[in-house]
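>>> structure for the following, please:
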Amino acid sequence: MKIDLITLFPHMFDSPFSESIIHRAIIRKLVNINIHNLRDFADNKHGTVDDKPYGGGPGMVIKPEPVYRAVRYIINTNKKKTIKPKIILMSPQGKVFNHKIAKELIKNKHLIIICGHYEGIDERVMKIVDYEISIGDFVLTGGELPAMIIVDTIVRLIPGVVKEKNSVKNDSFSVGLLDYPHYTRPKVFNNMRVPKILLSGNHNKIRLWRLKKSLENTYLKRPDLLEKIKLTEEQKKILNQIKLRCKK
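This next block holds a predicted model:
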């Protein structure tokens, strides 16, 4: 998979993409990530990419020309000409990012992510945008941090990036439920013990315990998620028991 990011602050991506899973995926050539400085596509020596908004108002607006030039450059220099990239604009007006959108994006072999900044971006850029994405109902200084979140989420879904396939398969939101509690050594810490069931070696009992805890976590912390998924008969039965217990 190839991911190109267009930004005013390319160095913001240096550390996040040179560490951990993303860095290993790049080294193993499972993903090709390129950072492009929008100022390199300005039409003057000062690297000006913004201007005052028509009609007046506060702040500055990113001009359309450098964005179009950057996208055109990325497409023209792409060795695989037959692959049409999907273009994403990070924007507070976009659809709120979730696991479903991540799974949709991973189907594409080439993504171009535009990081907005300042007061906004010229509306004419929307003509070339396929996805307008937000990470929540709040305002950040720019689209760089949201873009990092998008890339991190997508990259770990690429086959081979995460060694344990079940780790990705069973992640929170992958199955529509929050995760169950995790424990590791030591068995006792500050008088807090690992649940005996996890030490039993009985795989079916462990599976049931984890399912119960997953449903319980979801019911107590994010009940809205339960309205979005279709539960199995086993899950429904366990959830009803949880509800009854919580009412007492």
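>>> contacts for stretch 58-77?
4, 6, 34, 36, 38-43, 48-53, 85, 87, 112, 114, 116-122, 124-125, 128 (Cβ atoms under 8 Å, 6 or more residues apart in numbering). From N, CA and C alone the C-beta is placed, and that goes for glycine too.
>>> buried residues in it?
By neighbour count on 16 or more other Cβ atoms under 10 Å, the buried set for stretch 58-77 is 61-64, 66-71, 74-75.
>>> turn these into CSV, columns for pLDDT, distance to His99 and secondary structure.
Below are the buried residues of stretch 58-77 laid out as CSV (pLDDT from 0 to 100; distance: Cβ to Cβ, whole Å; DSSP: H, G, I helix; E, B strand; the rest coil):
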residue, pLDDT, distance to His99, secondary structure
Val61, 94, 32, strand
Ile62, 95, 29, strand
Lys63, 96, 34, coil
Pro64, 97, 32, helix
Pro66, 97, 33, helix
Val67, 97, 28, helix
Tyr68, 98, 32, helix
Arg69, 98, 34, helix
Ala70, 98, 29, helix
Val71, 98, 27, helix
Ile74, 97, 27, helix
Ile75, 96, 29, helix
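>>> as TSV, these with distance to Leu208 would be great.
Shown next, in TSV, are these (distance: Cβ to Cβ, whole Å):
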residue	distance to Leu208
Val61	56
Ile62	53
Lys63	58
Pro64	57
Pro66	57
Val67	53
Tyr68	56
Arg69	58
Ala70	53
Val71	51
Ile74	50
Ile75	52
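>>> looking at those residues, which is nearest Pro146?
Ile62 (15.6 Å; Cβ to Cβ).
>>> that closest one pairs with what?
Listed beta-bridge partners, Ile62: Asp50, Ile121 (assigned using DSSP bridges).
>>> what residues does the helix of greatest length in the chain touch?
Among the segments of the chain that qualify as a helix by DSSP state H, the longest is helix 203-221. For helix 203-221, the surrounding residues in contact (Cβ under 8 Å, 6+ apart) are 177-181, 195, 197-198, 200, 225-226, 234-235, 238-239, 242-243, 246.
>>> can you give me the domain assignment for this structure?
According to automatic domain parsing, the chain comprises the domains 2-155, 171-247.
>>> check the ones you listed for me and report the most buried one.
Stretch with highest mean neighbour count among the domains of the chain: domain 2-155 (a mean of 16; mean count of other Cβ atoms under 10 Å).
>>> how far away from the center of its chain is that domain?
Its chain's C-alpha centre lies 13 Å from the corresponding centre of domain 2-155 when counted by Cα atoms, centre = their mean, to the nearest Å.
>>> now the strands: where do they sit in this structure?
2-7, 32-37, 50-51, 61-62, 86-96, 110-115, 120-121, 131-134, 188-189, 192-193 (DSSP state E).
>>> can you add distance to Lys212 and give these back as JSON lines?
Formatted as JSON lines, these follow (distance: least, Cβ to Cβ, whole Å):
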{"stretch": "strand 2-7", "distance to Lys212": "39"}
{"stretch": "strand 32-37", "distance to Lys212": "40"}
{"stretch": "strand 50-51", "distance to Lys212": "54"}
{"stretch": "strand 61-62", "distance to Lys212": "50"}
{"stretch": "strand 86-96", "distance to Lys212": "29"}
{"stretch": "strand 110-115", "distance to Lys212": "38"}
{"stretch": "strand 120-121", "distance to Lys212": "47"}
{"stretch": "strand 131-134", "distance to Lys212": "34"}
{"stretch": "strand 188-189", "distance to Lys212": "23"}
{"stretch": "strand 192-193", "distance to Lys212": "18"}
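>>> which one of the ones you listed lies nearest to Pro146?
It is, among the strands of the chain and with distance given as Cβ to Cβ, strand 86-96, at 4.7 Å.
>>> and the closest one, what does it pack onto?
helix 99-105, strand 110-115, strand 131-134, helix 144-155 (3 or more Cβ pairs under 8 Å, 6 or more residues apart in numbering; DSSP states H and E).
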